[in-house]
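**Student:** A structural model of the following input is requested.
(chains A and B)
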Amino acid sequence: MPTVTLPTGIDMYYETHGSGEPLVLIPSTAFGCNVWYPQVPELSKRLQLIVMDPRGVGRTTHAGGFYTVEQLAYDVVALLDVLGVESAHVLGHSMGGRIALALTLDFPRRVRSLIMAASGSGPATRPDSGTFPGLGIGFIGELVEKGFEKHIRDELIDTDVYLTDAFRASHAQETHEFFEAASKYYARWPEFLRLVTARQNYEGTHRLGDVNVPMLIAVGDKDTGGSNHVYQAQAMKARVPHAELRVLPGQSHGFFWEAPQETNVWIAEWVLRHCK
Amino acid sequence: MPAQALGTGIDLYYESHGDGEPLVLIPSTGYAGNVFDHHQVPELSKSLRVITFDQRGCGRSTAAGGVYTIDQMACDVYALLTHLKIESAQVLGHSIGGRVALSLALNFPGRVKSLILAASGSGTAAQWGDGCVPGVPWRWVEPWEERSFEEFVRYDVCETETYFTDDFRANHPEQVQAMYRAAWSRHAKWPEYIRICIARHTWDATHRLGEVRPPTLVVIGDHDLGGANHVHQAKILAERIPNAELKVLPGQSHGFFWQAHEETNAWILDWVRKHT
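**Tutor:** This is a model prediction of the structure:
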């Protein structure tokens, strides 16, 4: 699969699968596009899936310097330009949702519908001290105490951030598979910090009222840890009354991997319901 | 010429004159592309392809409403260049137009062959006085309220040293009037003007100046010391942008495109040819 030179200053690794209504999948902080292994085979039966390693991740070049969420969004627009895709449905998971939101706000005519999965719009919709921009004391403290490698491992499989305790206890193989995929192309040091800095400094909350495309907010009801995505999902829903809020019972941050069948069903259903 | 529907959600009015090396001119706050019609377009289009346009909310382009941002205005230029199939162009921005050009260079470096920042700045951190705090300063709002918006625009151009020096206004009142009439005829109206000013005073790229890749010319009149003190801002641009060239125009204020158009056209042409 190809790497393409974009006018945004990077060489981006991307893949397209299937044909039909185009759907872009933007992954969570530091993830490469290989993490969509439960989605690609299923969804590409009916849709054209466009996936990529974001800047600083995996097989895409690391531009260095300062990263911003807008810049990551423009990378996606530039990719759509190269592919000749005039508009697409855009799904973003976690940080990828912020990127999808920035894309929607600055290029509304390129977005057929917006799916923000376990995501938020910026500091203003975060709980507690998260309302202040920049890297937070909890994040820095934990990272320094544990070290980078252990921090990632803890977040991915040694806590219930992504996969619930019950799932990890009964699905050791699936848990391992998720860890192997996520860590394979995971952003390295210090690109990881650049990405987190971009995420923690982006604010789109004041612009949520300008979202003029169909919007789906999805969140697991157990996704209440550190940055409490349930809280953020509700805050976004309050500001975008036309948005649809889907709460996934028993799910944490990683429902794409813990409940792949159900997740694929509602994604396909949403996209097909919002075809032009 | 018609307004072009862009993926950024607006219909952008633009004009393209001449053939050869493309040069994009981005005007000052609230101004439409027609401010370059009298002095720059006829002369520069003899040897260049000169592209002018009305920024969102100004003149013949549509006003999207909602929150305006500098990055979004730069995306309008990216989308226009993509529509025109221009892979890269030299980009000149005056005042707020310089911020838009700077955002374009930072986020779409592959589209910008060279950058001319004319009487401009990089955002909040490089602003003079209380402008270093995000948001429109009170001293900008005070004269709008005191004089009414329409009278403020006239007064600022025709009776202060903001654009034209005292000496020039005393000796060439008809030229000052002609520039004011052209500017006001397609000027952003209320409240688009406020949206644009808020975009100007909430954007910051000072922390990213070290990453500007295209060759950059920073131009400033040594009398441009009023409200926003562009001399202060230009020095910061020239210090922080790698290998930037600084050109100080003696005896000029903010409006050297109209007060010293022959000299201005000469150094623009000289710079563009050097970077073709």
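
**Student:** Please compute how far stretch B:181-199 lies from its chain's middle.
**Tutor:** Mean-position distance between stretch B:181-199 and its chain equals 13 Å (CA atoms, centre = their mean, to the nearest Å).

**Student:** Would you mark the buried spots in that stretch?
**Tutor:** By 16 or more other CB atoms under 10 Å in any protein chain shown, the buried positions in stretch B:181-199 come out as B:182-183, B:186-188, B:192-199. All C-beta spots, glycine's among them, are computed from the backbone N, C-alpha and C.

**Student:** Equivalent analysis for stretch A:230-244, please.
**Tutor:** Within stretch A:230-244, the residues that count as buried by 16+ other CB under 10 Å are A:Val230, A:Tyr231, A:Gln232, A:Ala233, A:Ala235, A:Met236, A:Lys237, A:Arg239, A:Val240, A:Ala243.

**Student:** contacting residues for the last one?
**Tutor:** Spelled out, it's A:Ala243. By CB atoms under 8 Å, 6 or more residues apart in numbering or on different chains, the contact set of A:Ala243 is A:Val211, A:Met215, A:Leu216, A:Ile217, A:Met236, A:Lys237.

**Student:** Next one: the fourth one from A:Val240, what distance?
**Tutor:** Yep, that's A:Ile217 we're talking about. Using CB to CB, to the nearest Å, A:Ile217 is found at 8 Å from A:Val240.

**Student:** swap in the third one?
**Tutor:** Taken as CB to CB, the spacing of A:Leu216 relative to A:Val240 amounts to 10 Å.

**Student:** again, but for the first one
**Tutor:** In this structure, A:Val211 lies at 5 Å from A:Val240, with CB to CB as the measure.

**Student:** Once you drop chain neighbours, what's closest to the residue of the stretch 51-200 of chain B found nearest chain A?
**Tutor:** For the stretch 51-200 of chain B and chain A, the shortest gap (CB to the nearest CB) falls at B:Gly110, measuring 3.2 Å. Using CB to CB, 6 or more residues apart in numbering or on different chains and skipping residues adjacent in sequence, the residue nearest B:Gly110 is A:Pro7, 3.2 Å away.

**Student:** same check, this time on A:Arg168
**Tutor:** Among residues not flanking A:Arg168 along the chain, A:Thr175 sits closest, at 5.0 Å (CB to CB, 6+ apart).

**Student:** what's around the one you found, how many residues?
**Tutor:** Using other CB atoms under 10 Å in any protein chain shown, A:Thr175 has 21 other residues around it.

**Student:** With the one 5 residues further on instead?
**Tutor:** Using other CB under 10 Å, A:Glu180 is surrounded by 12 other residues.

**Student:** which SSE is it in?
**Tutor:** According to DSSP states H and E, A:Glu180 maps onto helix A:172-184.

**Student:** now do B:Trp267
**Tutor:** helix B:261-274.

**Student:** And for that helix, what's in contact with it?
**Tutor:** Residues from elsewhere that reach helix B:261-274 (CB under 8 Å, 6+ apart): B:21, B:23, B:39-40, B:43-44, B:47-48, B:90, B:92, B:114, B:116, B:217, B:219, B:247, B:249, B:256-257.

**Student:** Can I get the buried part of the residues you listed as one ChimeraX selection?
**Tutor:** Burial among these is assessed by 16+ other CB under 10 Å; the matching ChimeraX selection reads:
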select /B:21,23,39,40,43,44,47,48,90,92,114,116,217,219,249,256,257
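
**Student:** Which parts of the one helix or strand in chain B whose mean pLDDT sits lowest count as buried, going by neighbours?
**Tutor:** Lowest by mean pLDDT, DSSP states H and E among the helices and strands of chain B is helix B:138-147, with a mean of 88. Using 16+ other CB under 10 Å as the test for burial, helix B:138-147 gives B:Trp140, B:Pro143, B:Trp144.

**Student:** likewise stretch A:65-76?
**Tutor:** For stretch A:65-76, the buried set under the neighbour-count rule, 16+ other CB under 10 Å, comprises A:Phe66, A:Tyr67, A:Thr68, A:Val69, A:Glu70, A:Gln71, A:Leu72, A:Ala73, A:Tyr74, A:Asp75, A:Val76.

**Student:** Give the full set of residues in contact with the fifth one.
**Tutor:** By CB under 8 Å, 6+ apart, the contact list for A:Glu70 reads A:Ala102, A:Asp106, A:Tyr202, B:Asp71, B:Asn107.

**Student:** now the residues you listed as TSV including pLDDT and distance to B:Arg60?
**Tutor:** Listed next are the contacts of A:Glu70 as TSV, based on pLDDT from 0 to 100; distance: CB to CB, whole Å:
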residue	pLDDT	distance to B:Arg60
A:Ala102	98	28
A:Asp106	98	21
A:Tyr202	96	33
B:Asp71	98	23
B:Asn107	97	26
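
**Student:** mind checking the SS state of the residue nearest to B:Gly110?
**Tutor:** Put simply, A:Pro7 is coil when judged by DSSP: H, G, I helix; E, B strand; the rest coil.

**Student:** B:Ala188 contacts B:Cys197, doesn't it?
**Tutor:** No: the pair B:Ala188 / B:Cys197 is not scored as a contact, 9.3 Å apart, by CB atoms under 8 Å.

**Student:** so what sits against both of these two?
**Tutor:** Residues touching both B:Ala188 and B:Cys197 by CB under 8 Å, 6+ apart: B:Thr29.

**Student:** can you give me the strands for chain B?
**Tutor:** Applying DSSP state E to chain B gives strands spanning B:3-5, B:11-17, B:22-26, B:49-53, B:89-94, B:112-118, B:216-221, B:245-249.

**Student:** Any chance of those strands in TSV with distance to A:Arg46 and mean pLDDT as columns?
**Tutor:** Formatted as TSV, those follow (distance: least, CB to CB, whole Å; pLDDT from 0 to 100):
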stretch	distance to A:Arg46	mean pLDDT
strand B:3-5	29	96
strand B:11-17	34	98
strand B:22-26	42	98
strand B:49-53	40	98
strand B:89-94	40	98
strand B:112-118	40	98
strand B:216-221	48	98
strand B:245-249	55	98
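
**Student:** before we move on, the earlier item: let me see the contact set for the residue nearest to A:Arg168.
**Tutor:** Listed by CB under 8 Å, 6+ apart, the contact partners of A:Thr175 are A:Ile157, A:Leu163, A:Phe167, A:Arg168.

**Student:** Please report the confidence value the model assigns to A:Met1.
**Tutor:** The model reports A:Met1 with a pLDDT of 69.

**Student:** go on, A:Val196?
**Tutor:** The model's pLDDT for A:Val196 equals 96.

**Student:** Might you report the residue contacts of the nearest residue to B:Lys235 once chain neighbours are set aside?
**Tutor:** Counting by CB to CB, 6+ apart, B:Lys235 lies nearest to B:Leu246, which is 7.7 Å off, once chain neighbours are set aside. For B:Leu246, the contacting residues are B:Val218, B:Ile220, B:Ala234, B:Lys235, B:Ala238, by CB under 8 Å, 6+ apart.
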